[in-house]
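Asks: When you get a sec, could you give me coordinates for this:
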Amino acid sequence: MIPIINHEGHDLIISEKSSLLEQQQQHGHIYNKYIKFIDSVLCKTIHNPIITSLIILISISLIQSFQISQLITTTSNQSFVFIDDYIFDIISNLINILFIIRFQYFIRFPLICEIILFITQNIICLNLLFNNNFNILSLLNWNSIDSIFFTSLKIFLIIQIIFPYIILIINIFDYKHSEGSIHSFLSDCNNNYLPIFISHSFLFINYNFPLILLSSNHPLFTCLKSNLIFIFKIASFSFKFYIIYKFILYEIIMILFNKININDYSVFYKPQREAITEKEQQQVSTTTTNSFEKWSNHLMITTCSIITLIDLLFITISLYLTTSGKI
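Replies: Numbers count the residues shown, from 1 in each chain. The predicted structure follows:
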């Protein structure tokens with residue numbers, strides 16, 4: 001067996017890769033097509049995370065620069081800093097970071113973290129179901145929405161929340177007859193709840209920037225800044241769609257092949273062969289795909305962290321202006 005060194009410096013045994021490919025062939029090529037479409041088309045082309053992250057960083061930097069400039073020059077506009085928008089935006093980015101760490105870096109959480117995550121998610125889910133003040137539907141203006149649509153959406157959200165509980169009950173019975181650990185059981189349960197929060201987090205994205213439109217009265221600049229907000233909004237949605245598709249890939253591979261920590265999903269749809277020479281081993285360890293995944297993950301974490309810091313800055317500004325009596 002000839003070891004192949006990947007970009008993280010860990011040894012991958014060719015026999016293991018061959019075993020993975022044998023499992024792949026047993027499940028048929030239809031799954032390969034799905035994996036290829038999600039990975040190659042959706043993740044690397046339509047929702048390319050490097051391009052999306054750069055667009056988000058550039059647009060939010062320009063937007064918030066205009067807003068800070070307006071705050072400094074005109075004290076009467078300080079009341080337009082809405083602290084709730086930034087709090088929800090922080091929650092949205094924390095959810096992004098959780099998904100990236102869990103399903104793109106494949107970091108296994110300690111048991112205590114899984115327990116805390118499990119309890120937290122259940123508390124939030126129960127509030128989403130029974131607390132009208134906490135329900136995400138309360139964020140929407142239902143006065144202009146048809147009651148049939150409201151009822152349908154309400155039913156959809158209820159089903160989305162109830163399904164993980166059904167799966168939880170099934171997993172409890174399976175766990176009693178399996179040799180799995182409580183750690184794995186909680187990890188699987190948490191993975192079933194997480195899609196609820198990533199789907200809700202689309203409404204948490206902050207694209208309410210009233211100060212940017214006040215910084216210039218010229219129609220051309222107003223139009224450009226409005227388009228800048230629109231670009232930021234679309235890029236933020238694309239960013240989240242990429243995270244969702246990576247989660248779907250993770251689940252597909254885990255269910256079909258019982259494998260996790262697959263940094264390169266192209267192994268399921270591109271022809272593979274064993275590396276024979278040391279030179280070929282080095283070439284395999286620095287493939288473009290692995291580099292793409294590595295830098296994409298780093299850039300996405302950096303993007304979420306920078307936006308969170310900007311949100312905290314505006315929250316601090318708002319609290320300072322409020323406590324100092326300037327608002």
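Asks: what's the burial count for Ile162?
Replies: Using other C-beta atoms under 10 Å, Ile162 has 12 neighbouring residues. In short, each C-beta sits where N, CA and C put it, glycine included.
Asks: the strands in this protein, which residues?
Replies: With DSSP state E as the definition, the chain shows strands at residue ranges 3-5, 11-13.
Asks: weakest of these by average pLDDT?
Replies: Between those, the lowest average pLDDT goes to strand 3-5, which shows a mean of 37.
Asks: from memory Leu128 sits against Ile162, does it?
Replies: No. Between Leu128 and Ile162 there is no contact, the gap being 10.7 Å when judged by C-beta atoms under 8 Å.
Asks: Next up, phi/psi of the residue nearest to Lys36 when sequence neighbours are not counted, please.
Replies: Nearest residue to Lys36 in three dimensions, chain neighbours excluded: Tyr269, at 3.8 Å (C-beta to C-beta, 6 or more residues apart in numbering). Backbone torsions for Tyr269, taken as degrees, to the nearest 10, come to phi -140, psi 0.
Asks: so where's the stretch 101-250 of the chain uncertain?
Replies: 132-147, 149-151, 176-179, 213-222 (pLDDT under 70).
Asks: ok, how many other residues are close to the residue nearest to Lys36?
Replies: The burial count assigned to Tyr269 is 18, neighbours taken as other C-beta under 10 Å.
Asks: gap between it and Ser236?
Replies: As judged by C-beta to C-beta, to the nearest Å, Tyr269 and Ser236 stand 29 Å apart.
Asks: do Tyr31 as well
Replies: Noted for Tyr31: a distance of 31 Å to Ser236, by C-beta to C-beta.
Asks: and what of Met300?
Replies: From Met300 over to Ser236 (counting by C-beta to C-beta), the distance is 12 Å.
Asks: Which parts of the stretch 1-150 of the chain are helices?
Replies: Using DSSP state H, counting those that start in this stretch, the helices assigned to the stretch 1-150 of the chain run over residues 14-26, 30-36, 49-73, 83-103, 111-130, 147-176.
Asks: Mind giving me the packing neighbours of the last one?
Replies: The one in question is helix 147-176. The elements that helix 147-176 packs onto, with contact taken as 3 or more C-beta pairs under 8 Å, 6 or more residues apart in numbering; DSSP states H and E, are helix 111-130, helix 182-200.
Asks: tell me the angle the longest one makes with helix 83-103.
Replies: Put simply, helix 111-130 runs at 130 degrees to helix 83-103, going by axes from the mean of the first three to the mean of the last three C-alpha atoms, to 10 degrees.
Asks: does Tyr34 really touch Leu249, like I thought?
Replies: No. Applying C-beta under 8 Å, one finds Tyr34 not in contact with Leu249, separated by 9.4 Å.
Asks: Between the two, tell me which one has more neighbours.
Replies: Higher neighbour count among Tyr34 and Leu249: Leu249, with 21 against 14, using other C-beta under 10 Å.
Asks: Let me see the contact set for the more buried one.
Replies: The neighbours of Leu249, taking C-beta atoms under 8 Å, 6 or more residues apart in numbering as the test, are 35, 38-39, 43, 262, 265.
Asks: thinking again about what came up before, make CSV from the helices and strands packed on helix 147-176 and add mean neighbour count and distance to Ser59 to it.
Replies: Output for those, formatted as CSV (neighbours: other C-beta atoms under 10 Å; distance: least, C-beta to C-beta, whole Å):
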stretch, mean neighbour count, distance to Ser59
helix 111-130, 14, 30
helix 182-200, 18, 22
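Asks: Same list (the ones you listed) but as a markdown table, adding distance to Phe82.
Replies: Compiled in a markdown table, the helices and strands packed on helix 147-176 are given as follows (distance: least, C-beta to C-beta, whole Å):
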| stretch | distance to Phe82 |
| --- | --- |
| helix 111-130 | 23 |
| helix 182-200 | 20 |
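Asks: between those, which gets nearest to Tyr86?
Replies: Tyr86 lies closest to helix 182-200 among these, at 17.4 Å (C-beta to C-beta).
Asks: Which neighbouring elements make contact with that closest one?
Replies: Secondary-structure packing of helix 182-200 (3+ C-beta pairs under 8 Å, 6+ apart): helix 83-103, helix 111-130, helix 147-176, helix 219-257.
Asks: Residues touching that helix, excluding its own?
Replies: Under the criterion C-beta under 8 Å, 6+ apart, external residues in contact with helix 182-200 comprise 95, 98-99, 102, 108-109, 111, 114-115, 117-118, 121-122, 124-125, 128, 136, 160-161, 163-164, 167-168, 171, 175, 240, 243-244, 247, 251.
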